[in-house]
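Visitor: sharing a model that was predicted from the sequence below.
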Amino acid sequence: MSIDSLVALVRTIPDFPKPGIQFRDVTTLLADGAGFAELVERMAAIARPLDPDLFVGIEARGFILGAALSQALGKGFVPVRKAGKLPGRTVGIDYVLEYGTDRLELHEGQVPEGTRVILVDDLIATGGTAIAAAQLLREQGAAVLMALFAVDLPDLGGMAALEAEGVAAQAIIVFDGD
Ligand code: AMP
């Protein structure tokens, strides 16, 4: 499947969740069997040569792609969740949003020191979420090999911000001008 066909499967919903935001909805791509397989194959082709120990997916759509990649490469999957969702003992990181702060958590001990991980989410916008997740993983002593996304919105600068933090980043689909 061509990259243009893949891009066409992402639905754009204007003014969600607030006026002026173009929400890039990947659920339409995931609902298409050939499209989902193509996306995962393209992401797996980037991840495979790095031979990670684990994929770490960010709640919630990062779970879908992270789990698919883990299965494709025969690697483990670990979730990073919003505060208060994980049942076991957690380690976490607070990070600043446009308004207020948020917190990401990880089960203690699930990413042992020295683990080679690839961070996965559906989309990178400002990069705030992915940078916080990468910091949390590094605090555990993990090597964050890269951050991998289905969609990049380059105008919001997230990929560049991640790279400035020393985290290599790649995305399959790019929407310019958002
Ligand atoms: P950020 O921390 O700004 O990079 O935001 C990334 C997170 O917010 C990801 O988990 C995305 O799923 C979600 N997100 C932010 N902006 C959009 C958008 N325009 N369309 C879809 N999802 C978005």
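Guide: Good, I have the coordinates.

Visitor: in the protein, where's the longest helix?
Guide: helix 33-47 (DSSP state H).

Visitor: which strands and helices sit next to that one?
Guide: In terms of contacts (3 or more C-beta pairs under 8 Å, 6 or more residues apart in numbering; DSSP states H and E), helix 33-47 is packed against helix 3-8, helix 27-30, helix 61-73, strand 143-152, strand 169-174. Heads up, the C-betas are built off the backbone N, CA and C, glycines and all.

Visitor: what residues of that helix count as buried?
Guide: Within helix 33-47, the residues that qualify as buried are 35, 36, 38, 39, 40, 42, 43, 47, counting by 16 or more other C-beta atoms under 10 Å.

Visitor: same check, this time on stretch 96-106
Guide: In stretch 96-106, counting by 16+ other C-beta under 10 Å, buried: 104, 105, 106.

Visitor: please compute how far it lies from its chain's middle.
Guide: Averaging C-alpha positions (C-alpha atoms, centre = their mean, to the nearest Å) puts stretch 96-106 16 Å from its chain's average.

Visitor: from start to finish, how long is that stretch in a straight line?
Guide: Taking C-alpha to C-alpha, to the nearest Å, the first and last residues of stretch 96-106 lie 18 Å apart.

Visitor: show me what that stretch is in contact with.
Guide: Applying C-beta atoms under 8 Å, 6 or more residues apart in numbering, the external contacts of stretch 96-106 come out as 56, 58, 78-86, 90-95, 128-129, 132-133, 136-137, 140.
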